[in-house]
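Novice: the amino acid sequence is not available; the structure is as follows:
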C-alpha cells in the first residue's frame, strides 16, 4: 500500500520547520522549505533511503530557503517557486546580511508554482494553492487530510504582515478561502511551531475572531485582549493608538 510519511525537521535560529514528504511504497520524496541546516535534511533523506524529486518552496523568506542551494547541489532535485516571490528569492544574500548570516545567491528555480496546479509525490497528487499575504508569492500544498501552509497559519497565531510585500487583507483572505474551507480535522503543517488542525484554529485562534472584535485600523489585526486595547503598539504592525480607540 502506498502511504505518505511526513517528517518535520525544526532547525536553525528561526526554529523553522523543513518537511520531508515521502511515499513509502515508491521511495519518492520532496522537501518543503529547506532552511538553515541542510546537512540534517540530507542525512534524514539518506537514512530513509528516499529519492528526492523536488524542492518545493512555500515562500522565499531566508529562513525557508537558506538550504536550497546545498540540497539542490547534493541531490540535483528541481526547485519549485511561485514567480511572485522571485524578487525575495533573488535577494537571499541581502536578506541574510540583515540577520547576520552570509549566503550566496540561491540557485535558479527550475519550475514555477501556480494556483490550482497539481504536483506529484510518488503515487500521490498534491494541489498547489496561492495563499499570499505573508509574502506576495506564498503558496500552500494541499492533499487529503493535511495542508503545508508555510507562514500563513500557526497554532494560535497567523503570519506576519509587517514585512515588505506583505498584506494583512490578503492574508486574512487566504486563510478564509484556502484554510477555513477545509474540514476541521485537516492537519496544518506550519512553517514554525507544532502541527495544529483547521478546527482548533477555527474555534480557538484569537486572530480569527469574528467581525465584532476591534481590529487595528492600519493592518486589520484583532485586539486580542481588552487589557491590551489599542493604546499600546499593535503587535503586528506597531501602530500606536494614543486615544485608546482603534479608529483614532
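Specialist: Cool, got the structure. All values reported here derive from a predicted model rather than from experimental measurement. Numbering: from 1, shown residues only.
Novice: which elements pack onto the biggest helix by length in the chain?
Specialist: Secondary structure of the chain per DSSP state H: the longest helix is helix 38-48. When contacts are defined as 3 or more C-beta pairs under 8 Å, 6 or more residues apart in numbering; DSSP states H and E, helix 38-48 sits against strand 4-11, strand 16-23, strand 28-32, helix 68-75. All C-beta atoms are positioned from the backbone trio N, CA, C, and that covers glycine.
Novice: ok, the residue nearest the centre of the chain - contacts?
Specialist: With distances taken as C-alpha atoms, centre = their mean, the chain has residue 150 as the residue nearest its mean C-alpha position (1.0 Å). Shown in contact with residue 150 (C-beta atoms under 8 Å, 6 or more residues apart in numbering): 33, 58, 59, 64, 131, 134, 138, 139, 140, 159, 190, 191.
Novice: this structure: helices as residue ranges?
Specialist: Taking DSSP H to define them, one finds helices in the chain at 38-48, 62-65, 68-75, 86-90, 92-98, 168-174, 198-204.
Novice: for residue 169, the count of nearby residues, please.
Specialist: 11 (other C-beta atoms under 10 Å).
Novice: likewise for residue 155?
Specialist: For residue 155, using other C-beta under 10 Å, the count is 16.
Novice: also residue 8?
Specialist: Neighbours of residue 8 under the rule other C-beta under 10 Å: 14.
Novice: circling back to that earlier point, reformat the helices of the chain as a markdown table; add mean pLDDT and distance to residue 145.
Specialist: Formatted as a markdown table, the helices of the chain follow (pLDDT from 0 to 100; distance: least, C-beta to C-beta, whole Å):
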| stretch | mean pLDDT | distance to residue 145 |
| --- | --- | --- |
| helix 38-48 | 98 | 21 |
| helix 62-65 | 98 | 23 |
| helix 68-75 | 98 | 26 |
| helix 86-90 | 98 | 30 |
| helix 92-98 | 96 | 33 |
| helix 168-174 | 93 | 20 |
| helix 198-204 | 93 | 10 |
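Novice: return the most buried member of the ones you listed.
Specialist: Ranked by mean neighbour count, these are led by helix 62-65 with a mean of 27 (mean count of other C-beta atoms under 10 Å).
Novice: could you give the separation of the longest helix of the chain from the chain centroid?
Specialist: 21 Å (C-alpha atoms, centre = their mean, to the nearest Å).
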